[in-house]
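Student: Predicted coordinates and the sequence they were generated for:
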Amino acid sequence: MFTSKLSNLSLQLYGIFLKTGYAKNEKEAEIITSYFKKRLPKYKIENLGFREKLWLYKAHLWYSFLMQDFLNCYKYAAKWVELFYDNTDMIRQNPVFFLKGNNYLLESLFMLNNKERFEASLNRLHSVMKENLFANDENVESLSFLYINLNKLNSHFIDGSFEDGLQLIPGIEKNLRKYKNRIDEHFTMTFYYKFACLHFGSGNNEECIAYLEKIISNKSLSMREDLLCFARVLNLVAHYEAGLDYHLEALLRSTYKFLIKMNELHEVQQEMIKFIKGLQDIYPHELKNAFRGLLITLKEYENHPYERRAFLYLDIISWLESKIENKTVKQVIKEKYHAALA
């Protein structure tokens, strides 16, 4: 009974995340918190076995993701993974849960910008996979490909080593074709968004636009609203950076219309669209002041509990700083990364 309550709660929270993404405001956060607390059964951790602990950590993890509490995401993903490392026979029996736990651990560390722990966790996972601790069936093989490569790409966003990340794209694209029938199309689009961001960070705006077009033009795809939303916002910025001004007016109209229809127009997106729309009326010598004005506005949202998710998909702050300081985006991110280590 206890296990079924926890497994149901975990699956219900995961369903909410897939459908709506992160909590977008105080009201949504209160509803999710109430939902979680009412359904979480009382327990003593010392009385729980492997499966009960696994479902408990999963439920806490999904609640933390919904609330954008990435420190607790890390805490419960780490507990999930350590549970397997403490019971290696369970890695053989449940390779999918082991891989998923590692992926959430790496995703949490990526959100926290902790490259040292991120790389240690990724290397540890690599080592286990080399030891052949689990049967490599088709499902496990495709999941391994997904999680290892998504996280390899993410490591280059932490420190701004975008050119190094670009070297991974041909191999990943080859394997995307290989695993086409085994991988949900949502994951393929997630890879395309990562590829687009790597190209944007490297200054290859037209290549960035080409990958974003694959996402935007996919009419049959049902995927997370936040990814669709930021693909369109990044598309606007990349068109501006590439000097493709003649497309901007039509793009602004279609993006604005799309976001309103999706009920996804939050403060950060509104400010970005308003700014790009206004660029058409700004003289070149006024640009830096315009960038400074937008930076001041967006800085207010950087740590906002419900607006900060915009910066998880697109580092607009670093882009603005690059325009103001006459640097590349990768220079700005690398400098921030090294300053944080000092």
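Tutor: It's in.

Student: So which residues of the stretch 101-250 of the chain form helices?
Tutor: For the stretch 101-250 of the chain, the helices defined by DSSP state H, counting those that start in this stretch occupy 115-130, 138-159, 162-166, 169-178, 185-201, 205-216, 225-241, 248-262.

Student: So for Ile296, which of those sits nearest?
Tutor: helix 225-241 (18.2 Å; Cβ to Cβ). C-betas here are computed from N, CA, C, even on glycine.

Student: pLDDT averaged over that closest one - what is it?
Tutor: For helix 225-241, mean pLDDT rounds to 84.

Student: likewise stretch 246-258?
Tutor: Averaged across stretch 246-258, pLDDT comes to 79.

Student: Just the C-alpha atoms of it, please, in PDB.
Tutor: Extracted C-alpha coordinates of stretch 246-258, given in PDB (Å, rounded to 0.1, in the frame of the first residue of the first chain):
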ATOM      1  CA  TYR A 246      13.900  41.900 -43.300                       C
ATOM      2  CA  HIS A 247      12.500  38.800 -41.600                       C
ATOM      3  CA  LEU A 248      12.100  40.400 -38.100                       C
ATOM      4  CA  GLU A 249       8.700  42.100 -38.500                       C
ATOM      5  CA  ALA A 250       7.000  38.900 -39.700                       C
ATOM      6  CA  LEU A 251       8.900  36.800 -37.100                       C
ATOM      7  CA  LEU A 252       7.800  39.200 -34.300                       C
ATOM      8  CA  ARG A 253       4.200  38.900 -35.400                       C
ATOM      9  CA  SER A 254       4.200  35.100 -35.600                       C
ATOM     10  CA  THR A 255       6.200  34.700 -32.300                       C
ATOM     11  CA  TYR A 256       3.900  37.000 -30.400                       C
ATOM     12  CA  LYS A 257       0.800  35.300 -31.800                       C
ATOM     13  CA  PHE A 258       2.300  31.800 -31.000                       C
END
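
Student: Which residues does it contact?
Tutor: Stretch 246-258 is contacted by residues 228, 232-233, 235-236, 239-240, 265, 273, 276-277, 279-280 when judged by Cβ atoms under 8 Å, 6 or more residues apart in numbering.

Student: Repeat that for stretch 135-151.
Tutor: 92, 95-96, 99-100, 102-103, 106-107, 110, 118, 122, 125-126, 129, 134, 168, 172, 175, 179, 182-183, 187, 190-191, 194.

Student: Buried among these? Need that as a selection in PyMOL.
Tutor: To isolate the buried members of the contacts of stretch 135-151 in PyMOL, using 16 or more other Cβ atoms under 10 Å:
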select buried, resi 95+99+100+102+103+106+107+110+118+122+125+129+134+168+172+175+179+183+187+190+191+194
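
Student: on that earlier part again, which single one of the contacts of stretch 246-258 is nearest to Asn87?
Tutor: When the contacts of stretch 246-258 are ranked by distance to Asn87 (Cβ to Cβ), Leu228 comes first, at 39.2 Å.

Student: That closest one: how many residues sit nearby?
Tutor: 20 (other Cβ atoms under 10 Å).

Student: just the one 5 residues further on next, same as before
Tutor: Val233 sits with 21 neighbouring residues when counted by other Cβ under 10 Å.

Student: Take the helix or strand of the chain with the lowest mean pLDDT, keep the C-alpha atoms, and write them as CSV.
Tutor: Least confident element among the helices and strands of the chain, by mean pLDDT, DSSP states H and E: helix 310-313 (a mean of 73). Taking C-alpha atoms only, helix 310-313 is exported to CSV below (Å, rounded to 0.1, in the frame of the first residue of the first chain):
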residue,chain,number,x,y,z
ALA,A,310,13.7,31.7,-18.9
PHE,A,311,17.4,31.9,-18.3
LEU,A,312,17.7,28.1,-18.0
TYR,A,313,16.9,27.8,-21.7
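
Student: buried residues in that helix?
Tutor: So helix 310-313, judged by 16+ other Cβ under 10 Å, has buried residues Ala310, Phe311, Tyr313.

Student: I'd guessed the last one sits against Leu227; true?
Tutor: I take that to be Tyr313. Yes - between Tyr313 and Leu227 there is a contact under Cβ atoms under 8 Å: 7.2 Å.
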